[in-house]
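# take this sequence and fold it.
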Amino acid sequence: MLALVAAIIGAFFAAFRPRASLVAENLALRQQLAALVRGRPRPRLGPIDRAFWVVLARTWSRWADVLAIVKPATVITWHRRGFARFWAYKSRPRGRPPISAEVIELIELMTRENTTWSRRRIAAELAKLGHDVSKDTVAKYMPKRPGAPRRPPSTTWRTFLRTHLAGTIAIDFLTVPTVTFNVLYVFFVLSLDRRRILHVNVTAHPYAAWAAQQIVEAAGLDADVVRLIRDRDGIYGEAFDARVRNLGIEQLRTSPRSPWQNGYAERWVGTLRRELLDHVIVLGERHLLHLVRRHASYYNEDRPHMSLDGDAPVTREVEPRELGKVVALPRVSGLHHRYVRRAA
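The predicted structure follows:
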């Protein structure tokens, strides 16, 4: 009986919706009915069915309201798998073939017999023998020489960061796929003192001058910023270095393939993915910028941090019970909430 009443009420409200919305809803319901008929007693959705729902999620805002055969999170998972397969195909190996065992033996022989030769010297000698090998490839296969001088002792990065948090910022890029399998880049500036996001922006085509301008907008007028931690990505070119140098900020570059040396930035990337990006399908640049800025605001002003003893980067005062009952304030389009006390 209740199902019949609900159907009558739904039909009544459907009479006032736009025709395009009704057509999309009818198409979605027919597709699910066809899947149920085809797969009795348990429907099995094939690639065409999955592609249908991914496209419908891109073109119709109410797609989740009529989806009954699977959960909306399943459609998002299909999209992410499709993105991974698409870029795995585009990124398939096309470079140089691996070097032969003969060349590897020559590199090891030259290293053992010529203790003063550098990787450049060995690469030049191999070129004279008709083997075009880069110095980096030579370094990869050079055996370690016994008794080689050790580097002077140094403090760990963790100790260094703890003693230099004030006045230090960290920057990085992260990539985000869109519904059309394009890639957008999120650039952010993080203050290590209170883990506060100073600036965030999105672009489809990052370059050095653009990244430098983001630093100016984030810390250009802040005289307290004296150090910047970043990786060795090629995007940070001469234009970036010159702009940062003019601001009086010292750059600290991490070692190659050592993301842990910029651990605070990497941790924020993981937080952003877990708390936002894993739950949405990005439609475009403006959509992603809107979402990321909302999350950054929530991260700075509302979200408790274990490293800050349960406080937010922008300090939150403890609200006593006398202020009233607890009220939930939605954040980031309802993905998260802030709870405050309000008088009745």
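
# which SS class is V202?
Of the three states, V202 takes strand under DSSP: H, G, I helix; E, B strand; the rest coil.

# in contact with L289, which residues?
With contacts defined as Cβ atoms under 8 Å, 6 or more residues apart in numbering, L289 is in contact with N201, V202. C-beta coordinates here come from the backbone N, C-alpha and C atoms, glycine included.

# now it: how far from S297?
Distance, L289 to S297, using Cβ to Cβ, to the nearest Å: 13 Å.

# cool, and R194?
Note on R194: its distance to S297, by Cβ to Cβ, is 15 Å.

# state the helix or strand in which the residue nearest the centre of the chain lies.
Against the mean C-alpha coordinate of the chain, by Cα atoms, centre = their mean, the closest residue is L174 at 3.8 Å. Assigned by DSSP states H and E, L174 belongs to strand 168-177.

# C-alpha coordinates for that strand, CSV please?
Extracted in CSV, the C-alpha atoms of strand 168-177 (Å, rounded to 0.1, in the frame of the first residue of the first chain):
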residue,chain,number,x,y,z
THR,A,168,58.5,27.2,6.3
ILE,A,169,56.0,26.4,3.5
ALA,A,170,55.7,23.3,1.3
ILE,A,171,54.3,23.1,-2.2
ASP,A,172,53.4,20.3,-4.6
PHE,A,173,51.1,19.3,-7.5
LEU,A,174,48.6,16.5,-7.6
THR,A,175,46.8,15.1,-10.6
VAL,A,176,43.0,14.6,-10.8
PRO,A,177,41.1,12.8,-13.6
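
# show me what it is packed against.
With contacts defined as 3 or more Cβ pairs under 8 Å, 6 or more residues apart in numbering; DSSP states H and E, the secondary structure elements packing on strand 168-177 are helix 72-90, strand 183-191, helix 208-219, strand 227-230, helix 263-275.

# make it 6 Å
If contacts are counted by 3 or more Cβ pairs under 6 Å, 6 or more residues apart in numbering; DSSP states H and E, strand 168-177 sits against strand 183-191, strand 227-230, helix 263-275.

# for the longest one, name the packing helices and strands.
Contact here means 3+ Cβ pairs under 6 Å, 6+ apart; on that basis helix 263-275 packs against strand 168-177.

# try 10 Å this time
Helices and strands touching helix 263-275, as assessed by 3 or more Cβ pairs under 10 Å, 6 or more residues apart in numbering; DSSP states H and E, comprise helix 157-163, strand 168-177, strand 183-191, strand 196-203, strand 227-230, helix 285-301.

# circling back to that earlier point, let me have the helices and strands packed on strand 168-177 in CSV, adding distance to R341 as columns.
Conversion of the helices and strands packed on strand 168-177 to CSV gives the following (distance: least, Cβ to Cβ, whole Å):
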stretch, distance to R341
strand 183-191, 29
strand 227-230, 39
helix 263-275, 24
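
# nearest to R253 among these would be which one?
Ranking those by their distance to R253 (criterion: Cβ to Cβ) puts strand 227-230 first, at 6.3 Å.

# run the chain-centre distance for that closest one.
Mean C-alpha position of strand 227-230 versus that of the full chain (Cα atoms, centre = their mean, to the nearest Å) differs by 19 Å.

# what packs against it?
Packed next to strand 227-230, using 3+ Cβ pairs under 10 Å, 6+ apart, are helix 157-163, strand 168-177, helix 208-219, helix 238-246, strand 250-253, helix 263-275.

# tell me the most buried of the ones you listed?
Most buried of the helices and strands packed on strand 227-230 by mean neighbour count (mean count of other Cβ atoms under 10 Å) is strand 168-177; its value is a mean of 20.

# partners of that strand in the sheet?
Strand 168-177 has these partner strands in its sheet, going by DSSP bridges: strand 183-191 (antiparallel), strand 227-230 (parallel).

# touching the last one from outside, list them.
In this case it means strand 227-230. Defining contact as Cβ atoms under 10 Å, 6 or more residues apart in numbering, one finds that strand 227-230 is touched by 157, 160-161, 164-173, 189-190, 192, 211, 215, 219, 236, 240, 244, 247, 249-254, 261-265.

# what about 8 Å?
Defining contact as Cβ under 8 Å, 6+ apart, one finds that strand 227-230 is touched by 164, 167-172, 192, 215, 236, 244, 249-254, 261-262, 265.

# for that strand, give the mean pLDDT please.
Across strand 227-230, the average pLDDT comes to 94.
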